[in-house]
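Enquirer: Fold the stuff below for me.
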Amino acid sequence: MTLEYRTAEFMGTDGWCELDIESEHARSILAAIQPELIEHLA
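Expert: Take a look at the predicted model:
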């Protein structure tokens, strides 16, 4: 199973911050947490 993201946000020190899902940094974050997201949604 793979996930497709339209938007993604994370809790930063100043509240919710939107990730630029086109950036390599954001893609690596999303790839790292994908197993936990799939488990949570299953």
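Enquirer: any idea where the helices of the protein begin and end?
Expert: 24-41 (DSSP state H).
Enquirer: List the residues that contact the residue nearest in space to the middle of it.
Expert: Geometric centre of the chain, nearest residue: residue 30, 3.8 Å, by CA atoms, centre = their mean. Contacts for residue 30 were tallied using CB atoms under 8 Å, 6 or more residues apart in numbering; they are 3, 5, 8, 19, 21. In short, each C-beta sits where N, CA and C put it, glycine included.
Enquirer: you'd agree the fourth one is up against residue 11?
Expert: No - under the criterion of CB atoms under 8 Å, residue 19 lies out of contact with residue 11, with a separation of 11.6 Å.
Enquirer: one step back: so how far is residue 16 from the residue nearest to the centre of the chain?
Expert: From residue 30 over to residue 16 the distance is 16 Å, taken as CB to CB, to the nearest Å.
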